[in-house]
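Undergrad: Need a 3D model of the sequence below.
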Amino acid sequence: MRSFLAPPAFKPEQTGPEADARYRRLRWQVFIGAFIGYAGFYIVRKNFSMAIPLLEPLGFEKGELGVVLSMNAIAYGFSKFLMASISDRSNARRFLPLGLILAALSMMFLIVPVQWIGAEHKTWAIVMMAALNFLVGWFNGMGWPPCGRVMTHWFSQKERGTWMSVWNCAHNVGGALVGPMAVYGAMWFGSWFYGSDASRYFLIGTYLFPSCVAMLVALIAYVLIRDTPQSCGLPSIEKWSGDYAPTYDEKAEEVLSTREIFRTVLSNKYLWYIALANAFVYAVRYGCLDWAPTILTEKGIDLKDTGWAYFAYEIAAIPGTLICGWLSDHLFHGRRAMPTVLFMALVAIFIVLYWQFIDNINVVIACLIAIGFFIYGPVMLIGVQSLDLAPKNAAGTAAGLTGFMGYVLGTAVLANVVIGYVAQTWGWNYTFILLLLSCVASIAFMMLTYKAELKGRK
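TA: Modelled structure (predicted):
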């Protein structure tokens, strides 16, 4: 496996007009491959949250389903950090499709504990669901790091914010497809497997159909992605563009040992600040997203409309992310902290409206769209900030640290387990209080990086 994933050797460097044209073409090709590939991971990522409302009538409860849901985030957080160090020393062209295929296979098997074990043997069913959802999360952790690797090797620091704001929309595209796929996959193919038993059609739409699509996406990503410019016989992005970051040196092109990568990343206090901020941003992101289908279903909205609300939340993030990236580059001159603070403050306002008008379904859906619009800008900028703060041969691990905190503390602990049991025990009011406190905490930690950003720009 080590030889299979080993990064390709550098080829003799080409120069001249033909090499420049090839460089431009390959940048677009690699970008499209990374975009499509990363979107594919989100097709088989958070599907379990769509299944929760339909698992409850089969005999499962919110609290235990929240624990299953948390397994995905815990695994993803650890994987994004640990697998990132492997990704930094691997061929992105092979690493990403491998992770996507394994995630899709794990998602397929989530049908088994419902279909062949069931609530009659609830303990075993929950344990198997948790194990499979853990594997889904673990293999999903193989998506971001290779994308971060190719983005840092093919795009310079001055242009990276803009390109990554566009690339970051990939998870919104993939995430948005989960709802419609769950609906139409069940409608189109459910009867093939379950005949007239419509209560189980959702297993096909939520698990099987998206998994098959994700495998096709993995093949497309393999065809398009290339590891580094040097592996294609081209100069480094810094040499080609003339854009050398202040911290750049030629050692950034070398493959570091695991120990060197971790030492570089873990000794940076500002990476820890943005990692903690990310934890609370993710608590809000997934606290709203993962439980929206359950809230909407409890308010009398059917599965089809719930799926489209899920779709709207994700699609609204695309213009929000692009605007946030543009503001950080052009209004705030490359500083990431202030636009993150501004957007999180706006998220807090719409969470209050969501809370106060929770019985008005039109207001709830409008607030979900607004939260989706504003929350993904901070998600993207924290990722860009982590790449800015680390050398590019440790970029995946730097992003992995922020992802670890976001998914383990923010998503698994706060958004999944805590909110699941708080909603079950005390109701939704207390969950909204947790979401608002998370907004405040994310703003506080981001402000700790603001002065450092001002000093760095000077």
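
Undergrad: Could I get the pLDDT score of the closest residue in space to Leu224 that isn't next to it in sequence?
TA: In space, and not counting its chain neighbours, Leu224 is closest to Gly33: 2.9 Å by CB to CB, 6 or more residues apart in numbering. To be clear about C-beta, it is placed using only N, CA and C from the backbone, and glycine gets the same treatment. What the model reports as pLDDT for Gly33 is 96.

Undergrad: Kindly list the single helix or strand of the protein that scores lowest on mean pLDDT.
TA: helix 258-266 (a mean of 71; mean pLDDT, DSSP states H and E).

Undergrad: Would you tell me what the next helix or strand after that one is?
TA: Going down the chain from helix 258-266, the next helix or strand is helix 269-289, by DSSP states H and E.

Undergrad: in that next one, what's buried?
TA: 270-289 (16 or more other CB atoms under 10 Å).

Undergrad: Can you pull the poorly scored residue ranges out of the chain?
TA: 1-2, 243-258, 260, 264, 267, 301-310, 333-334, 390-395, 452-458 (pLDDT under 70).

Undergrad: which helix is the longest one in it?
TA: Counting by DSSP state H, the longest helix found in the chain is helix 428-457.

Undergrad: Now do the strands in the chain.
TA: For the chain, applying DSSP state E gives no strands.

Undergrad: Contacts only, for the residue positioned nearest the centre of it.
TA: For the chain, the residue nearest the mean C-alpha position is His171 (6.0 Å; CA atoms, centre = their mean). Counting by CB atoms under 8 Å, 6 or more residues apart in numbering, His171 makes contact with Tyr38, Ala39, Phe41, Tyr42.

Undergrad: Could you report the neighbour count for the first one?
TA: The local packing of Tyr38 (other CB atoms under 10 Å) involves 24 other residues.

Undergrad: same check, this time on Trp116
TA: Based on other CB under 10 Å, the number of other residues close to Trp116 is 10.

Undergrad: and the residue nearest to Leu224, how far is that from Leu96?
TA: Distance of Gly33 to Leu96, given as CB to CB, to the nearest Å: 8 Å.

Undergrad: More neighbours: those two, which one.
TA: Ranked by neighbour count (other CB under 10 Å), Gly33 and Leu96 place Leu96 first, with 30 against 23.

Undergrad: Test my guess that that one contacts Ala221.
TA: Yes: Leu96 lies in contact with Ala221 (CB atoms under 8 Å); the separation is 5.7 Å.

Undergrad: what touches both of those two?
TA: Ala34, Gly37.

Undergrad: quick one: Val183 and Phe202 touch, right?
TA: No: between Val183 and Phe202 there is no contact under CB under 8 Å: 9.1 Å.

Undergrad: re the thing from before, next, format the contacts of His171 as TSV and append distance to Leu102.
TA: As requested, the contacts of His171 are arranged in TSV below (distance: CB to CB, whole Å):
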residue	distance to Leu102
Tyr38	15
Ala39	17
Phe41	11
Tyr42	15
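
Undergrad: Pick the one among these closest to Phe134.
TA: Relative to Phe134, the closest of the contacts of His171 is Phe41; by CB to CB it sits at 15.7 Å.

Undergrad: Give me the distance between that closest one and Val364.
TA: The separation that Phe41 has from Val364, given CB to CB, amounts to 28 Å.

Undergrad: more crowded one of those two?
TA: Phe41 (30 against 21).

Undergrad: Give me the number of neighbouring residues for the nearest residue in space to Met380 that is not next to it in sequence.
TA: In this structure, Met380 finds its nearest non-sequential neighbour in Asn168, 4.0 Å apart by CB to CB, 6+ apart. Other residues lying near Asn168 total 26 when counted by other CB under 10 Å.

Undergrad: Correct me if wrong: Asn168 contacts Gly383.
TA: Yes: counting by CB under 8 Å, Asn168 touches Gly383, with 7.0 Å between them.

Undergrad: Not counting its neighbours along the chain, what's nearest Leu135?
TA: Leaving out its chain neighbours, the residue that sits closest to Leu135 by CB to CB, 6+ apart is Ser106, at 4.0 Å.

Undergrad: Enumerate the positions of stretch 355-364 that are buried.
TA: Using 16+ other CB under 10 Å as the test for burial, stretch 355-364 gives Trp355, Ile358, Ile361, Val364.

Undergrad: Tell me the one of the residues you listed nearest Ser49?
TA: Distances from Ser49 to the buried residues of stretch 355-364, taken as CB to CB, are shortest for Val364 (16.5 Å).
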